[in-house]
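S.K.: Fold the following, please.
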Amino acid sequence: MKYIISVLLLVTFALGQAGTPPAASSQSTPVEQENVRKAKALLDQMIQALGGQAYLTIQDISQEGRTYSFHLGIPNSAGLLFWRFYKFPDKDRIELTKKRDVIYVQNGSKGYEITYKGTRAQEAKELDDYLRRRDYALDWVLRHWLHEPGVALFYEGLTVAAEKNAEQVTIMNARNQGVTLFIDVNTHLPVKKTFSWRDPTDKQRNVEDEVYDNYRPVQGIMTPFSVTRFYNGDMSNQRFLNAVSYNQGLSDSIFEASVSPNRPKK
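M.R.: You can find the predicted model right below:
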């Protein structure tokens, strides 16, 4: 009888062990480790090419140039002069036209349009588009995403981007947001950035690209004097810079605005 009970206990233990899956290994494979190491090395090399610590500690940027807008890849304006003032991480002001009489201000999550009619809240779609681009901006990705917990790096090999031989690296944060950078194999500078997002209304996936060109050194920082944006493959905006300066100590007051209609004089 004791023999039968012992056999039953052994069978029960064996069945229990068979029904328990083995614990998954938390260790990444050597191939995965090498992939991450190469991606990180390329990003470090790119940051150094951009200016290293000088780039990573930019506090504000002042720009002058001309901007062109496109609809479905076709130009819909003759181009506008612009002056842009940006203060890291979330203050932006752009002044348009020769008279600088059309102004857009973004401060935190709020946006304003200032014209001769007064100051009004920026249209929701325009503000959403701007905030999305800011969330995926190159400086924000390199200065913030890379230090977040849960960030993942992927080296994706050699390719061609903006007619240049490049190496492709994708950065994925813990919020499942991803940015892919294309890094020039010769200069180690970024030549293209791309990201995708899903429209909450129609659930369609959209792809936005930025192409950087005509780099010049300014105050120890390699600066693209030409930036072209694409939306789902069509050119949407192009900016050419005439002048750039960094860390001029921009006052917070130039980014302050509040809704105030301009009442006509009697």
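S.K.: Low-confidence regions, the protein specifically.
M.R.: Counting by pLDDT under 70, the chain has low-confidence residues at 1-27, 262-266.
S.K.: Mind doing that once more with 80?
M.R.: For the chain, the stretches with pLDDT under 80 are 1-28, 72-78, 261-266.
S.K.: which residues of it fall in helices?
M.R.: Along the chain, the segments classed as helices by DSSP state H run 2-18, 30-50, 53-56, 124-135, 138-143.
S.K.: Deepest in the core, which of those is it.
M.R.: Most buried of those, by mean neighbour count (mean count of other C-beta atoms under 10 Å): helix 138-143, with a mean of 18. Yep, even glycine has a C-beta here, placed from its N, CA and C like the rest.
S.K.: Settle this for me: residue 159 is touching residue 182, isn't it.
M.R.: Yes - distance between residue 159 and residue 182: 6.8 Å, which falls inside the contact criterion (C-beta atoms under 8 Å).
S.K.: between these two, what contacts are shared?
M.R.: With contacts defined as C-beta atoms under 8 Å, 6 or more residues apart in numbering, the residues shared by residue 159 and residue 182 are 166, 167, 168.
S.K.: out of these, who's nearest residue 46?
M.R.: Ranking these by separation from residue 46, with C-beta to C-beta as the measure, puts residue 167 on top at 9.4 Å.
S.K.: In contact with the closest one, which residues?
M.R.: In this structure, residue 167 makes contact with 42, 155, 157, 158, 159, 182, 183, 185, judged by C-beta under 8 Å, 6+ apart.
S.K.: re the thing from before, closest to residue 204 out of the shared contacts of residue 159 and residue 182?
M.R.: Closest approach between the shared contacts of residue 159 and residue 182 and residue 204, by C-beta to C-beta: residue 168, at 24.4 Å.
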